[in-house]
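A.B. asks: only geometry, no sequence info:
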């Protein structure tokens, strides 16, 4: 079964063709990072206009790379939420229009569940097979940090989520304070590798729960930057100094986030007797998080390649395949749900 996936939840316009929920025939992504970098974050109105400009050429390129025509497709899967309302509308309305014009079924996909299914995508020569259920999934992105127990396809139990800033949001805000630019995750990951003596920051353990909190850590970074006097006139750190203060702060911040994410994920997996741990979402591309979770987990750990951690349409198509097989019905009257939750 070949499914066309469409993803426009934030600032990537993406389309992909995936077969049987696992095999990628194409995965085209038009990023807006350079456009939004000048503003230090995503501007919703700008993002939706760019989606309008890019959606048609991205779809044509996805079909071309997959070497398929509309007649070769079995269904369309499109992100309906969570995300920016204006951005989501572009993808959903395009999917509905194609569904009518080409007589194809269309289903709406939760963006967060799509991230989880990035772990089902694999190369043809990959011998690992599908993830084994039940499993614990850590979904860490710019807008969400959710810890779930996936008991079967389409069935998720919420174990914990952030009470304030998501992990990716904290990375972006701290990177801005440190003058490292946008997006913050890759910038902090790169800068932290230059650290000679990472600064020690507190961890918010929120004992008795699997929830997360990163706002206090973010504030601790800001107070330290103020105290050591490396702020410029814009309230941000100046260019990294010869003593690597910026790198040490970035490394300490990253270690604090990763320590909490890994500890709580491993504890939850052991408590609920999971067979595997899945890591997904934009923060899953962080090198320290991948290495630390793999090293400290007694269970097998899976995470997608970096290109499938950030927003993409292949994961939406993969999720669509498993949703259809779980009995989800096509719905030509889809609407966007910007605040949609996985559970």
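C.D. replies: On my side now, so go ahead. The structure presented is a predicted model; accordingly, all values stated were derived computationally and were not measured. Residues are numbered from 1 along each chain as shown.
A.B. asks: Could you use CA atoms for every contact and neighbour count after this?
C.D. replies: Will do.
A.B. asks: and residue 159, that's in a helix?
C.D. replies: No - secondary structure assignment (DSSP: H, G, I helix; E, B strand; the rest coil) places residue 159 in strand, not in a helix.
A.B. asks: so what's it up against?
C.D. replies: 146, 147, 148, 149, 210, 211, 268 (Cα atoms under 8 Å, 6 or more residues apart in numbering).
A.B. asks: now do 6 Å
C.D. replies: Residue 159 is in contact with 147, 148, counting by Cα atoms under 6 Å, 6 or more residues apart in numbering.
A.B. asks: now do residue 59
C.D. replies: residue 15.
A.B. asks: Tell me the confidence at it?
C.D. replies: Turning to residue 59, the model gives it a pLDDT of 98.
A.B. asks: Could I get the full set of helices for the stretch 1-150 of the chain?
C.D. replies: Using DSSP state H, counting those that start in this stretch, the helices of the stretch 1-150 of the chain run over 33-37, 44-66, 85-102, 111-117.
A.B. asks: Can you tell me the centre-most residue of the protein?
C.D. replies: Nearest to the mean C-alpha position of the chain, counting by Cα atoms, centre = their mean, stands residue 281 at 2.4 Å.
A.B. asks: re the thing from before, which among the helices of the stretch 1-150 of the chain is found nearest to residue 195?
C.D. replies: The minimum distance between residue 195 and the helices of the stretch 1-150 of the chain falls on helix 33-37, with 24.6 Å, by Cα to Cα.
A.B. asks: Contacts made by the closest one with the rest, please.
C.D. replies: Counting by Cα under 6 Å, 6+ apart, 42, 182 sit against helix 33-37.
A.B. asks: List the buried residues in it.
C.D. replies: 33, 35, 36 (16 or more other Cα atoms under 10 Å).
A.B. asks: ok, so of the residues you listed, who is nearest residue 259?
C.D. replies: residue 33 (28.1 Å).
A.B. asks: pLDDT value on the closest one, please?
C.D. replies: The model's pLDDT for residue 33 equals 85.
A.B. asks: do you know how far it is from residue 41?
C.D. replies: 9 Å (Cα to Cα, to the nearest Å).
A.B. asks: Which stretches in the stretch 151-300 of the chain count as strands?
C.D. replies: In the stretch 151-300 of the chain, the strands defined using DSSP state E, counting those that start in this stretch lie at 155-161, 276-280.
A.B. asks: highest average neighbour count across the ones you listed?
C.D. replies: Most buried of these by mean neighbour count (mean count of other Cα atoms under 10 Å) is strand 276-280; its value is a mean of 26.
A.B. asks: Out of the strands of the stretch 151-300 of the chain, flag the one nearest residue 89.
C.D. replies: Per Cα to Cα, nearest to residue 89 of the strands of the stretch 151-300 of the chain: strand 276-280, 24.3 Å.
A.B. asks: other SSEs contacting that closest one?
C.D. replies: strand 135-140, strand 301-302 (3 or more Cα pairs under 6 Å, 6 or more residues apart in numbering; DSSP states H and E).
A.B. asks: Of the ones you listed, flag the one that's most buried.
C.D. replies: Scoring the helices and strands packed on strand 276-280 by mean neighbour count under mean count of other Cα under 10 Å gives strand 135-140 as the most buried, with a mean of 27.
A.B. asks: wait, what's in contact with residue 252?
C.D. replies: Counted by Cα under 6 Å, 6+ apart, residue 252 has contacts 198, 199, 200.
A.B. asks: count of neighbours near the first one?
C.D. replies: Residues near residue 198, counting by other Cα atoms under 10 Å, number 21.
A.B. asks: Residue 292 versus that one, what's the distance?
C.D. replies: 16 Å.
A.B. asks: One more: the second one?
C.D. replies: Distance check for residue 199 against residue 292: by Cα to Cα, it reads 18 Å.
A.B. asks: neighbour count winner among the two?
C.D. replies: Legend: neighbour count by other Cα under 10 Å for residue 199 and residue 292, higher for residue 199 (19 against 16).
A.B. asks: Not counting residues beside it along the chain, what's closest to that one?
C.D. replies: Excluding its sequence neighbours, the residue lying closest to residue 199 (Cα to Cα, 6 or more residues apart in numbering) is residue 252, at 4.6 Å.
A.B. asks: quick one on the thing from earlier: residue 165: which of the contacts of residue 252 is nearest?
C.D. replies: residue 200 (20.0 Å).
A.B. asks: Run a quick neighbour tally on that closest one.
C.D. replies: 13.
A.B. asks: I'd like the distance between the residue nearest to it when sequence neighbours are not counted and residue 226.
C.D. replies: Once flanking residues are discounted, residue 200 sits nearest to residue 252: 5.5 Å by Cα to Cα, 6+ apart. Distance, residue 252 to residue 226, using Cα to Cα: 16 Å.
A.B. asks: One more: residue 260?
C.D. replies: Relative to residue 226, residue 260 is positioned 25 Å away (Cα to Cα).
A.B. asks: Looking at these two, which is more packed in?
C.D. replies: residue 260 (19 against 16).
A.B. asks: circling back to that earlier point, ok, the buried residues of helix 33-37 vs residue 70, which is closest?
C.D. replies: Of the buried residues of helix 33-37, the one sitting nearest to residue 70 (Cα to Cα) turns out to be residue 33, at 30.1 Å.
A.B. asks: Can you check which helix is longest in the chain?
C.D. replies: As assigned by DSSP state H, the longest helix anywhere in the chain is helix 245-271.
A.B. asks: any idea of the mean pLDDT for it?
C.D. replies: 97.
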